[in-house]
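Trainee: Pasting the sequence and the predicted coordinates here, then a few questions.
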Amino acid sequence: MRMLLDFTEFVTLLASMTTQLYHKTHPFVASIKERYSLCSDDAEKLTFHVVLDIKGSGMTYTVGDSVAIFAKNEPELIQRVLEVIKASGKEIVSDKHNEKTFTLWEFLELKADLADVSRKLLTFVANAQPNAEKAVLLQGLLVEGQREAFKAYQASREVWDFLEENAEVAITPQELVQLLQPLLPRFYSIASSQAVVGDEIHLTVAELIYETNGHVRKGVCTHYLCRMAPVGSVEIPIYIQPSNGFTLPADSDAYVIMVGPGTGVAPFRAFMQERFKRGDTGLNWLFFGERHRLRTFFYESDWKEWLKTGKFRIDAAFSRDQPHKVYVQHLMLEKGKEIEAALSTGAFLYVCGDAKEMAKDVDAAIHELAKTHGNRSEEEAKEFVKRLKKEKRYLRDVY
């Protein structure tokens, strides 16, 4: 029986053990080393490049991995909750999960999901609501068959304005703590190769700002990373979430096709850094999409540098730069003959980004080009795509 590990196996095992030192209940506390906008000042929405400093952690990651980040709730949101329940924030409360004690302010800042009205909280308020009309409305959302209505109601409110709308119901700090959902970590695709950047993790973060119920809302973690967390301050708990297969092929000569509109482009920047660092000879083809070429062409300078190598190609769809909207799937259909030929001769296809619309449209485009340019029937095209997935040559990281 072989007992000794060769060098490669030893390094892999060591990296695995090091990464596992940090996890959900024992994160590493990082800082923001650098942060800047990837957009022009007149862009409709901003996306930021955020560099996390992990020096001294011993933390390792592979291209395709994600990083889990524990955010903080913004003070304004906390203050609104405190005002509604008539609390100071200095009250001592106990965490129901581990019985640790915190001041109410600390708990609301670090532990509580203040963006989502939990079913527990809504049920408590519905049962305690003395206003008959309001009680009927809330209780109606909880009956069987009203899942969509409940979700729509929940999506339009944060904890503070839900409580404000139901101010007739008195709620103590400890009761509130018991009824709130936990503030869970958010996951971001890593936009860098550690072989290139060393003790850093690069992220591509779109700032989320929207309006519901007459109030402006901000994404909890995007606002924290893009605006709240000070550059240089060591206060961001993180851990690595392995990719589960969404990574580069081992074959250095492999042909890689990547589809990453918006922030979905993040892992593909990491892929390209890695491939060029290790001297891979395979071709690389990126489909990128955003709103405007002049305002939101993320990492344009990187792509231009890699274009010079002759091993990189990019096709970009800018949906608002012409009267009709153009998305990545439209470009894929235009280039369908080349894509089908590449996939039929061993290329790898990666898709990252929005699961609700983009990933479905891209999948439909892949089936269509497999049928049209591969002379396949509908059923044969489906089998072709299934085979790509089975061979792990069609991989998706969608959310």
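Mentor: Structure's in. What do you need? Residues are numbered from 1 along each chain as shown.
Trainee: Helices of the stretch 201-350 of the chain, residue ranges please.
Mentor: Along the stretch 201-350 of the chain, counting by DSSP state H, counting those that start in this stretch, helices occupy 220-223, 266-277, 300-307, 328-334, 336-344.
Trainee: contacts for the second one?
Mentor: Residues lying outside helix 266-277 but in contact with it, judged by CB atoms under 8 Å, 6 or more residues apart in numbering, are 63-64, 188-193, 195-197, 202-204, 246, 248, 252, 256, 258, 260, 282, 284, 286, 299, 302, 306, 309, 311-312, 350, 352, 397. Glycine gets a C-beta too; all of them are placed from N, C-alpha and C.
Trainee: do the shortest one as well
Mentor: Taking contacts as CB under 8 Å, 6+ apart, the residues outside helix 220-223 that touch it are 69, 71, 73-74, 113-115, 183, 186, 205-208.
Trainee: In strands, which of those residues appear?
Mentor: Of the contacts of helix 220-223, the ones assigned to strands by DSSP state E are Ile69, Arg186, Val205, Ala206.
Trainee: export those residues to JSON lines and tack on distance to Lys392?
Mentor: Formatted as JSON lines, these follow (distance: CB to CB, whole Å):
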{"residue": "Ile69", "distance to Lys392": "28"}
{"residue": "Arg186", "distance to Lys392": "27"}
{"residue": "Val205", "distance to Lys392": "29"}
{"residue": "Ala206", "distance to Lys392": "29"}
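Trainee: now stretch 349-365, how far from the chain's geometric center?
Mentor: 15 Å (CA atoms, centre = their mean, to the nearest Å).
Trainee: tell me which residues in it are buried?
Mentor: For stretch 349-365, a neighbour-count test (16 or more other CB atoms under 10 Å) marks Leu349, Tyr350, Val351, Cys352, Gly353, Asp354, Met358, Ala359, Val362, Asp363, Ala365 as buried.
Trainee: Need the max-distance pair from these.
Mentor: Checked with CB to CB, those reach their widest spread between Leu349 and Asp354, with 16.9 Å between them.
Trainee: What is the nearest of the buried residues of stretch 349-365 to Phe384?
Mentor: Nearest to Phe384 among the buried residues of stretch 349-365 is Leu349, at 11.7 Å by CB to CB.
Trainee: For Leu77, the count of nearby residues, please.
Mentor: 21 (other CB atoms under 10 Å).
Trainee: Look up the closest residue to it, ignoring the ones flanking it.
Mentor: Leu114 (5.3 Å; CB to CB, 6 or more residues apart in numbering).
Trainee: ok, now how distant is that neighbour from Ser189?
Mentor: As defined by CB to CB, to the nearest Å, Leu114 lies at a distance of 25 Å from Ser189.
Trainee: And these two? Which one has more around it.
Mentor: Ser189 (27 against 20).
Trainee: And what about that one, helix, strand or coil?
Mentor: strand (DSSP: H, G, I helix; E, B strand; the rest coil).
Trainee: Contact partners for it?
Mentor: Applying CB under 8 Å, 6+ apart to Ser189 gives the contacts Gly64, Ser66, Leu203, Thr204, Thr263, Gly264, Ala266, Pro267, Ala270, Cys352, Asp397.
Trainee: how close does it get to Leu333?
Mentor: As judged by CB to CB, Ser189 and Leu333 stand 25 Å apart.
Trainee: Repeat that for Gln146.
Mentor: Taken as CB to CB, the span from Gln146 to Leu333 is 40 Å.
Trainee: Can you flag the buried ones in the contacts of helix 266-277?
Mentor: For those, buried by 16+ other CB under 10 Å: 63-64, 188-193, 196-197, 202-204, 246, 248, 256, 258, 260, 282, 284, 286, 299, 306, 311-312, 350, 352, 397.
Trainee: Just the residues you listed: which are in strands?
Mentor: Those of the buried ones among the contacts of helix 266-277 lying in strands (DSSP E): 188-189, 202-204, 256, 258, 284, 286, 312, 350, 352, 397.
Trainee: Which two of those have the greatest separation?
Mentor: Tyr188 and Phe312 (23.8 Å).
Trainee: pull the longest strand from this structure.
Mentor: strand 28-37.
Trainee: Using PDB, write down the CA coordinates of the next helix or strand after that one.
Mentor: For strand 28-37, the following helix or strand on the C-terminal side (DSSP states H and E) is strand 47-53. This file holds the C-alpha atoms of strand 47-53, laid out as PDB (Å, rounded to 0.1, in the frame of the first residue of the first chain):
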ATOM      1  CA  THR A  47     -20.400  48.300 -10.700                       C
ATOM      2  CA  PHE A  48     -17.200  48.300  -8.600                       C
ATOM      3  CA  HIS A  49     -13.900  46.400  -8.600                       C
ATOM      4  CA  VAL A  50     -13.200  45.500  -5.000                       C
ATOM      5  CA  VAL A  51      -9.900  44.000  -3.900                       C
ATOM      6  CA  LEU A  52      -9.800  42.200  -0.500                       C
ATOM      7  CA  ASP A  53      -6.500  41.900   1.400                       C
END
